[in-house]
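>>> Have a look; sequence and predicted model below, questions after that.
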Amino acid sequence: METVKVETIGKEIIKPSKPSSNDVPTLQLSIMDQLIPQVYAVAFLFYTKDDLISQEQTSQTLKTSLSETLTKFHPFAGRVNGVTIDSTDEGAVFVDSRVDDCLLSDFLRSPDTKSLQQLLPVNAAEPIPTWPLLLVQATYFKCGGMAIGVCMSHKLGDAVSISNFIQAWAATARGEGDSVVSPEFGSTKIYPPASGAIQVPGEDQLGKRTSITKRFVFVASKIEELRNKVASDAVPRPTRVQSLTSLIWKCVVASSTDTTREKALYQANNLRPKIPAVLSENLIGNPLFSTLTLNGKDNLETVQIVKELKKRSEEVSHLVQYEEGSASMTIGLKLLGAMAETKFSYEVYDTHVVSSWCRVALYKACFGWGSPVWVTGNVSPILDNVTVLVDSKDGQGVEAWVTLAEDEMLLFEQNTELLAFASPNPSVLI
């Protein structure tokens, strides 16, 4: 669609409703947090009109509840200081904006990354500063619908972290703040504390993006068909993510114009559900483990890719085995050692990253005017060669946001095997 004209009508710094007490500790970043690029993780939530609530009431509710929520999520209002985040109470940025030349339904008819960027209070394709760590933009359409765009420093956390924050904020806006479980900050529960300067792979390329991102939607029936196709005796019932990853990576490899570097699939695994005795679902941070699957070839079949993905998953399960009374840091050191053994290098490998937001509960984010009609997000909007998988509203389908070099995207989006299962950027029905 044509890029919409978004007009800023207000901008404020929202500080915690209560100052951080002197006993609030400085947040120590872990080695994994330190390895995360200087980018914002972003989330978009879209809502239809509630005739009982005015735009002014909506804005005030969002800002007041954000202020209250920041008292529990105090690092979000702080500042990065080397390898720590200080709770300085400097606050978060909140922007009110409006769109007068487009209905929400028109915007969602063919959503694209350029239009979505207009709904953020900052350019997510540029490296982030040490402050602010959280920015929000509320955009009001002339039909009464609205969008909430959230930018959170990826140093603070991952997709689960941004979802946990939004859920707490929404509950506070509904007047249910007392029921919000306090977040737990501390990726250092699993990984050692960060120290000194570590060169992040590819960080020198931040802000030099030359790729394009396109949306492909897989409905539930097509995913089921794909799961049956890629099943085998070794993996009789592949997951949705395994099935989609196998297809997308096969098509990415087939579209690659790089004839020199070996192909590699890079995946970030959320460790919370894998070590529940150590990591709670309320943990804010980057408790991630990255796996590398090599030997991408033009003739690699999806069934074989799924077997490799299953093997990687089993390897992670073995690495994170936890015995009561043992030190959780021992697991982290084993994970770091395993990642180091892959000798990951952008110079050596032509790498594609697949990040899954599936089961991240953003569709439950009700601020008092109903659940979102559509959500999407990205933890790497600045990076090339990335696919982000996000649940459709029904919780069964999946939307894939694929970022590739322009010449490779031309080949990818015409791949007949991909198009047998995916619909390129269909309208979002509301």
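Happy to help now that I have it.

>>> how about low-confidence regions in this protein?
Low-confidence segments of the chain, defined by pLDDT under 70: 1-3, 125, 196-209, 294-299, 322-327, 343-347, 379-382.

>>> Could you list the domains of it?
7-189, 203-424 (automatic domain parsing).

>>> all helices of this protein, in order?
31-35, 55-69, 104-107, 113-117, 159-173, 220-230, 240-255, 302-319, 328-341, 406-412, 416-419 (DSSP state H).

>>> Would you point to the one among the domains of the chain that's packed deepest?
Ranked by mean neighbour count, the domains of the chain are led by domain 7-189 with a mean of 19 (mean count of other C-beta atoms under 10 Å). Yep, even glycine has a C-beta here, placed from its N, CA and C like the rest.

>>> roughly how far out does that domain sit from the chain middle?
Taking C-alpha atoms, centre = their mean, to the nearest Å, one finds domain 7-189 lying 13 Å from the centre of the chain it belongs to.

>>> And that domain, end to end?
End-to-end distance of domain 7-189 (C-alpha to C-alpha, to the nearest Å): 43 Å.

>>> quick one on the thing from earlier: need the domains of the chain in JSON lines (columns: distance to Ser195).
JSON lines is the format used below for those (distance: least, C-beta to C-beta, whole Å):
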{"stretch": "domain 7-189", "distance to Ser195": "6"}
{"stretch": "domain 203-424", "distance to Ser195": "13"}
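
>>> ok, back up a step: of all the helices of the chain, which one comes closest to Ser21?
helix 55-69 (15.8 Å; C-beta to C-beta).

>>> elements contacting that closest one?
In terms of contacts (3 or more C-beta pairs under 8 Å, 6 or more residues apart in numbering; DSSP states H and E), helix 55-69 is packed against strand 7-14, strand 92-99, strand 134-141, helix 159-173.

>>> Distance to Ala361 for those - can I get that in a markdown table?
Shown next, in a markdown table, are the helices and strands packed on helix 55-69 (distance: least, C-beta to C-beta, whole Å):
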| stretch | distance to Ala361 |
| --- | --- |
| strand 7-14 | 24 |
| strand 92-99 | 22 |
| strand 134-141 | 19 |
| helix 159-173 | 6 |
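
>>> so who does Thr88 touch?
Ala77, Gly78, Arg79 (C-beta atoms under 8 Å, 6 or more residues apart in numbering).

>>> For the closest residue to Arg272 other than its chain neighbours, give me its contacts.
In space, not counting the residues next to it along the chain, Arg272 is nearest to Leu279; the distance is 4.6 Å by C-beta to C-beta, 6 or more residues apart in numbering. With contact set as C-beta under 8 Å, 6+ apart, Leu279 has these partners: Lys189, Ile190, Leu271, Arg272, Pro287.

>>> I'd like those residues written out as JSON lines, with distance to Gly370 added.
As requested, the contacts of Leu279 are exported to JSON lines (distance: C-beta to C-beta, whole Å):
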{"residue": "Lys189", "distance to Gly370": "36"}
{"residue": "Ile190", "distance to Gly370": "37"}
{"residue": "Leu271", "distance to Gly370": "33"}
{"residue": "Arg272", "distance to Gly370": "28"}
{"residue": "Pro287", "distance to Gly370": "32"}
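
>>> List just the nearest of those to Asp391.
Out of the contacts of Leu279, the member with the shortest distance to Asp391 (by C-beta to C-beta) is Arg272, at 17.4 Å.

>>> I figured the closest one hits Leu283, correct?
Yes: the pair Arg272 / Leu283 is scored as a contact, 6.3 Å apart, by C-beta atoms under 8 Å.

>>> Show me the common contact partners of these two, please.
Between them, Arg272 and Leu283 share no contacting residue, judged by C-beta under 8 Å, 6+ apart.

>>> Quick check: strands, which of the contacts of Thr88 are part of them?
Using DSSP state E, the members of the contacts of Thr88 that fall in strands are Arg79.

>>> Kindly reformat the contacts of Thr88 as CSV containing distance to Ala400.
What follows is the contacts of Thr88, written out as CSV (distance: C-beta to C-beta, whole Å):
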residue, distance to Ala400
Ala77, 34
Gly78, 34
Arg79, 35
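
>>> Quickly name whichever of the contacts of Thr88 is closest to Thr291.
For those, the nearest to Thr291 is Gly78 (31.8 Å; C-beta to C-beta).

>>> How about the contacts made by that closest one?
Neighbours of Gly78 in contact, by C-beta under 8 Å, 6+ apart: Leu27, Ile85, Asp86, Ser87, Thr88, Asp89, Glu90, Trp131, Leu133.

>>> Need those residues in a markdown table (columns: distance to Arg237).
Shown next, in a markdown table, are the contacts of Gly78 (distance: C-beta to C-beta, whole Å):
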| residue | distance to Arg237 |
| --- | --- |
| Leu27 | 40 |
| Ile85 | 41 |
| Asp86 | 47 |
| Ser87 | 46 |
| Thr88 | 49 |
| Asp89 | 49 |
| Glu90 | 49 |
| Trp131 | 47 |
| Leu133 | 41 |
